[in-house]
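Novice: all I have is the shape, not the residue letters:
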């Protein structure tokens, strides 16, 4: 600042004053300029002081005056010197005023703090705890702003002494209020364990409603903590003794308009009184909601958050769980207990304590565990049987009965005495005295027989229990056992063996048949029970009659049979592949004919014998294990695959000579004649009529052979092709015209090909082909 003034002073003087100092005009000009500069500098100083004075910042004005008084450039007698004298007096007076202002501010702060303490004490005595709490909150905020220097106004108004005083008063007031609130909570909720009494006071300290206590605690941020403490007290000293001891509770209401507490007593059940835990819990909830919380929605919501779930857990642990364990077979009682728990939860929901269902589903789940225990006994036994590797469980056993036949019909059939209309409209061939779903005799594993007995035992228990829920659970166990059997997969190595695969197939179908046949035995007793418990069992349809097999059982049986079909199909595919591997030894019969040799014929005959041997082993396994229908299906399926390939090889030849025809018949005729008897185990008759005595599960073997031949079209086609190798052209055309060839699976193309391959081109062959074409349709 001084440098700037001197620079301005230097500019005010003439630049050539040193050279022309003897010139009076120059000197006079310099003096005039100095006077002007002095006047301007003085005016500028006065303006600055005036600005400081009007700025209401005493500190800045005092600092400016201090600089003026301490300046070394003041000249005696000047206005500046006179102003400096008065400024010094002003500074002294200002310091005295500042001291007095600080003293007054400190006295005022002390008075304010004393007034706050007095007002807080007054509010406490009047029971206005909420207002007290908000006063403490405001004191906290003011103290925090003062400590952190949140604003200039706070720093200006509060001295360090006032800050300490405010801090001490805040702590003292907070401690006093917390002490009062602690006593109020203890007074509002009292438990006299010796007298078995809970006392609840809606008014504390003689005049303060208890909602003032909760409002104050919420303002201080301590409501959840205090509610948690109250919940601990009620659960440990009231709810747990009542539920664990089987005690009876009673309520003694306070007289209207009085400040007496409402009392809840509990004692042992006397004559005519019964332990009602749900009612006791409702009484506790109702008293707390009305007497302590004043039915305030906000307080009830927060109380529910800290108390309801814990009350449910204590109820389940001390009452519901022991009750269910004490009534494992009484599902009605368990259902009633679940209903009572839901009623308690609905009451709590009406008070606003529940945000989502908890107690009802939990108690209901306990009842479901009992149902699961009923099922689990059967499921565990079924699982043990299915995973068992004991030889006794895997041992095959004979099941079923021989099919009861219409002996008169088959006797006439075997003797050739059937009339034409009987052949065209043949009866089923079974006697009406036979078993329902009679499938003949077959083998099943010992463990599957045990599983069927297990299913029968479950249905027997369900029909005799007399409880709809238990019956529903036990019937459901049957479906689950069926699912376990379907999901059980024998190892790939086991299914490689035909006998084991056939046995597994029989197990599945045996259980399916048992499920269908057991219902008529137990349906009349089970139907009324399942109708009452149909909501829990998807296998029973509403309005279904007792005679109808439930849809769930039908579905289980169909799925079991479908699984058995897949197992059989997988085994047939393996057998087809194995037989075709052996069949490859015939080399598609390409070495027969002009390019053939004697060694090829020997190889072909050996291959046919190997095929017969393998077919015999497979057929014996099927006949021994499978029911007659499925045994015939296996034999005809595998043999039909072989015969179909051989038919294709024969029809692929363009020129078949006499020698070729003879070789083909010699090689393949044993397969055609012996394959089915070998597979079905037919023995050569020791005497005339002996073959008629051989049977397969009660069916004459001759009938089975005829049925298998009729079912195996590729076999009949191969047999017909071999017969055509030695037939004349006229015979072939005649058999075609009589539709005998069509009945054995040959079509027009096959017959035309055989005529062209067996006979040379001639007018007679052309006429024969024409007659074949004429009678094709």
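Specialist: Alright, I've got the coordinates. What you see is a predicted model; the values in this text were computed from it and never measured.

Novice: hey, let's count contacts and neighbours off CA atoms from now on
Specialist: Fine.

Novice: distance check, the residue positioned nearest the centre of the chain against residue 316.
Specialist: Most central residue of the chain, judged by C-alpha distance to the mean C-alpha position with C-alpha atoms, centre = their mean, is residue 365 at 15.7 Å. Applying C-alpha to C-alpha, to the nearest Å, the value for residue 365 to residue 316 is 11 Å.

Novice: show me the contacts for residue 725.
Specialist: Applying C-alpha atoms under 8 Å, 6 or more residues apart in numbering to residue 725 gives the contacts 661-662, 665, 758.

Novice: roughly how far apart are it and residue 660?
Specialist: Separation of residue 725 from residue 660 (C-alpha to C-alpha): 9 Å.

Novice: hang on, the earlier thing: return the distance of the helix or strand hosting the residue nearest to the centre of the chain from the chain's centre.
Specialist: Residue 365 is part of helix 359-387 when elements are defined by DSSP states H and E. With C-alpha atoms, centre = their mean, to the nearest Å as the basis, helix 359-387 stands 18 Å off its chain's centre.

Novice: next, the buried residues of it.
Specialist: Going by neighbour count (16 or more other C-alpha atoms under 10 Å), the buried part of helix 359-387 is 359-360, 362-364, 366-368, 370-372, 374-376, 378-379, 382, 385-386.

Novice: and for stretch 252-271?
Specialist: Within stretch 252-271, the residues scored as buried using 16+ other C-alpha under 10 Å are 261-267.

Novice: tell me which of these fall in strands.
Specialist: 262-267 (DSSP state E).

Novice: closest to residue 131 among those?
Specialist: Set against residue 131, the nearest of these by C-alpha to C-alpha is residue 262 (27.1 Å).

Novice: the closest one reaches residue 199, doesn't it?
Specialist: Yes - judged on C-alpha atoms under 8 Å, residue 262 makes contact with residue 199 at a distance of 5.7 Å.

Novice: may I see the buried residues of the one helix or strand residue 751 maps to?
Specialist: Under the assignment given by DSSP H and E, the secondary-structure element containing residue 751 is helix 748-758. Of all the residues in helix 748-758, those buried under the rule 16+ other C-alpha under 10 Å are 748, 750-758.

Novice: and residue 674, what does it touch?
Specialist: For residue 674, counting by C-alpha under 8 Å, 6+ apart, the contacting residues are residue 612.

Novice: could you list the buried residues of whichever strand or helix holds it?
Specialist: Per DSSP H and E, residue 674 falls inside helix 658-680. Neighbour counts using 16+ other C-alpha under 10 Å place 660-661, 663-665, 667-669, 671-672, 675-680 of helix 658-680 among the buried residues.

Novice: now do the helices in the stretch 151-300 of the chain.
Specialist: 152-157, 160-188, 210-220, 223-234, 240-245, 277-287, 297-315 (DSSP state H, counting those that start in this stretch).

Novice: a markdown table for these, including mean neighbour count?
Specialist: Converted to a markdown table, the helices of the stretch 151-300 of the chain look like this (neighbours: other C-alpha atoms under 10 Å):
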| stretch | mean neighbour count |
| --- | --- |
| helix 152-157 | 12 |
| helix 160-188 | 17 |
| helix 210-220 | 22 |
| helix 223-234 | 17 |
| helix 240-245 | 19 |
| helix 277-287 | 19 |
| helix 297-315 | 18 |
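
Novice: out of the ones you listed, the one nearest residue 443 is which?
Specialist: helix 297-315 (54.7 Å).

Novice: now do the closest one against helix 277-287, angle only.
Specialist: Taking axes from the mean of the first three to the mean of the last three C-alpha atoms, to 10 degrees, one finds that helix 297-315 is oriented at 160 degrees with respect to helix 277-287.

Novice: for helix 297-315, packing partners?
Specialist: On a contact count with 3 or more C-alpha pairs under 8 Å, 6 or more residues apart in numbering; DSSP states H and E, helix 297-315 meets helix 223-234.

Novice: neighbouring contacts of the helix it packs on?
Specialist: By C-alpha under 8 Å, 6+ apart, the list of residues contacting helix 223-234 from outside reads 189, 214, 217-218, 302-303, 306-307.

Novice: let me know the angle separating it from helix 277-287.
Specialist: For helix 223-234 against helix 277-287, the angle by the same axes, to 10 degrees is 140 degrees.

Novice: and residue 498, what is it in contact with?
Specialist: For residue 498, the contacting residues are 571, 618, 621-622, taking C-alpha under 8 Å, 6+ apart as the criterion.

Novice: which of those are buried? Put it as a PyMOL command.
Specialist: Those of the contacts of residue 498 that meet the burial criterion (16+ other C-alpha under 10 Å) are gathered into one PyMOL selection, given here:
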select buried, resi 571+618+621+622
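
Novice: how near is residue 228 to residue 679?
Specialist: Spatial separation of residue 228 from residue 679 under the definition C-alpha to C-alpha is 83 Å.

Novice: verify the contact between residue 263 and residue 202 for me.
Specialist: No - with contacts counted by C-alpha under 8 Å, residue 263 stays clear of residue 202, the gap being 11.8 Å.

Novice: so where's the stretch 451-600 of the chain shaky on pLDDT?
Specialist: Where the stretch 451-600 of the chain drops to pLDDT under 70, the residues are 489-495, 532-547, 588, 590-598.
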